[in-house]
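Student: sharing a model prediction with you, sequence too.
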Amino acid sequence: MTAMEQIDLLGSTINDLENLMQKLGEPKFKGRQLFKWLYFARERDFEKMTNLSRELRRRLSERFAFGRLEVDRVSQSSDGTEKILFALNDGLFVETVRIPEKQKATACVSSQVGCPLACKFCATGRIGFRRNLTPGEIVGQLLYLRGKYNSEAFENIVFMGMGEPLLNYENLIRSIGIISSEIGLSQSAKKITVSTVGIVPQIYMLADSGLKVNLAISLHAATDEKRRKVMPAAKSYPLAELIRAAKYFAEKREKRVTFEYILFDGFNDTLQDVKDLSNLVKGVPCKINILSYNSVEGLPYRRPSEKKVNEFGRLLYPRAPVVTIRKSRGLDIEAACGQLAGKKNI
């Protein structure tokens, strides 16, 4: 069997590898050992997996491989933010962002090539939906960072890159299982955030999954009429339904939900918007992140002044329990929120 015909194990779960070992006539626990070698130790050479028998190592080497994502380009921002463009096996591209801050770093991970939701302000939405990423392609983004930065690769993981993670739900869950396993990437699920425009059924599913991940909901407007103007998906999930789902998640998870609110100059930045937003989230254990719109070439929306953003936050805080103004990172390399497009996909 040639190398081209080898089966790639990247993205395999513990259960997958346990089943593989049983098919090979080996004890089930060998699957856990292999899982730890591949993800925790990041060892791709089966011959170096010394707690596996020599014969098993030979068979694995002949029939299997543990792949990696191919890096096409790395862009470095003046603020230290790094954007990695990965070339996928089918000729498509996907982007990942690493945001350093003091002694910590956040990895912003993609879940789809493109996005089907077509938010009017988002570069990813402009390229349309190409396909879901596999668990291997999701985890592979993080393995690249671990290989480059080791223990300093990331403190937090946010599924806020390209795509809507809750529309790739099965692969998302499989990926989080690998990422959060103590013998996998060993990243606490409590430091993983899944961001969504508000796919209501999957919010309930995620709440009931038992995974201790965090939830961030892209709100961006506090009335259905206004939200539908910039987020077509809002037509399927009215705010009343979305808020009920958010409250359910917060109570089930016993942690605040985060509402992301991008400010567009002259659209959602008035005192009335402050009042509407505070009324909307009343009774929901939550915090609100305010972000300035990050400009995308060819789109009509404008970035508000820093003064206007600060004033919006000042007016909102007494009315909402926790309000944070987030600074944009990686603007000069188009790595900020809403700017990821994997340019070669266009």
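Tutor: Ah, there it is. Residues are numbered from 1 along each chain as shown.
Student: hey, let's count contacts and neighbours off CA atoms from now on
Tutor: OK.
Student: per-residue confidence at residue 2?
Tutor: On pLDDT, residue 2 comes in at 47.
Student: try residue 339
Tutor: With respect to pLDDT, residue 339 scores 50.
Student: same question for residue 343.
Tutor: 54.
Student: ranges for the helices of the stretch 1-150 of the chain?
Tutor: Using DSSP state H, counting those that start in this stretch, the helices of the stretch 1-150 of the chain run over 14-23, 29-39, 54-63, 123-126, 135-149.
Student: least reliable of the ones you listed by average pLDDT, please.
Tutor: Per-stretch mean pLDDT for these is lowest at helix 123-126 (a mean of 80).
Student: mind listing what's buried in it?
Tutor: Within helix 123-126, the residues that qualify as buried are 123-126, counting by 16 or more other C-alpha atoms under 10 Å.
Student: quick check: residue 325 vs residue 256, distance?
Tutor: Distance of residue 325 to residue 256, given as C-alpha to C-alpha, to the nearest Å: 17 Å.
Student: the least confident helix or strand in the chain by mean pLDDT - contacts with which helices or strands?
Tutor: Lowest by mean pLDDT, DSSP states H and E among the helices and strands of the chain is helix 123-126, with a mean of 80. Using 3 or more C-alpha pairs under 8 Å, 6 or more residues apart in numbering; DSSP states H and E, no helix or strand is in contact with helix 123-126.
Student: related to what we said a few turns ago, more neighbours: residue 325 and residue 256, which one.
Tutor: More crowded of residue 325 and residue 256, by other C-alpha atoms under 10 Å: residue 256, with 20 against 16.
Student: right, and the more buried one touches residue 288 too?
Tutor: No - in this structure, residue 256 is not within contact of residue 288 by C-alpha atoms under 8 Å, at 9.8 Å.
Student: okay, angle between the lengthiest strand in the chain and helix 135-149 too, please.
Tutor: Across the chain, the longest stretch assigned as strand under DSSP state E is strand 93-101. Angle of strand 93-101 versus helix 135-149, following axes from the mean of the first three to the mean of the last three C-alpha atoms, to 10 degrees, is 40 degrees.
Student: and strand 93-101, what's buried?
Tutor: 93-100.
Student: ranges for the strands of the stretch 201-346 of the chain?
Tutor: 214-218, 257-263, 286-292, 323-326 (DSSP state E, counting those that start in this stretch).
Student: the nearest residue to residue 11 once chain neighbours are set aside and residue 172, how far apart?
Tutor: Nearest non-adjacent residue to residue 11, counting by C-alpha to C-alpha, 6 or more residues apart in numbering: residue 136, 3.6 Å away. Distance, residue 136 to residue 172, by C-alpha to C-alpha: 10 Å.
Student: any stretches of the chain with poor pLDDT?
Tutor: Across the chain, the ranges flagged by pLDDT under 70 are 1-4, 330-346.
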